[in-house]
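Asker: quick one, structure for this:
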Amino acid sequence: MDISIGAFVGAFIGVLILGLVAGFFLSRWFFKRELQKNPPINEKMIRAMFTQMGRKPSEAQVRAVMNSMKRNG
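Answerer: The predicted structure follows:
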């Protein structure tokens, strides 16, 4: 069985590109699923963090922290 070097390189590059595309979509699907299972920080978590630091957060402080996280993340 003889295969030319050009055909081998072409097949190798094709398989590599196909693997990269499949890996991208698979990793995106896993990432979305993990975000649904474990959502990012929410207001309840911010209130708990303030309470652990010994402070009673006001609603304005909680909203400010949420807004800063949305801007940075």
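Asker: where are the low-confidence patches of the protein?
Answerer: Within the chain, the ranges that satisfy pLDDT under 70 run 73.
Asker: would you list every one of the strands in it?
Answerer: For the chain, no strands are identified by DSSP state E.
Asker: for the residue nearest to the spatial centre of the chain, which residues are in contact?
Answerer: Note on the chain: the residue nearest the mean C-alpha position is residue 31, at 5.1 Å, using C-alpha atoms, centre = their mean. By C-beta atoms under 8 Å, 6 or more residues apart in numbering, the contact list for residue 31 is empty. To be clear about C-beta, it is placed using only N, CA and C from the backbone, and glycine gets the same treatment.
Asker: would you check how far apart it and residue 9 are?
Answerer: In this structure, residue 31 and residue 9 are 33 Å apart, going by C-beta to C-beta, to the nearest Å.
Asker: what do you get for residue 26?
Answerer: Per C-beta to C-beta, residue 26 is found 26 Å from residue 9.
Asker: repeat for residue 44
Answerer: Distance of residue 44 to residue 9, computed by C-beta to C-beta: 55 Å.
Asker: ok, residue 15 next?
Answerer: Taking C-beta to C-beta, one finds residue 15 at 11 Å from residue 9.
Asker: swap in residue 48?
Answerer: Remark: distance between residue 48 and residue 9 (C-beta to C-beta) = 57 Å.
Asker: over to residue 53?
Answerer: According to C-beta to C-beta, residue 53 stands 60 Å off from residue 9.
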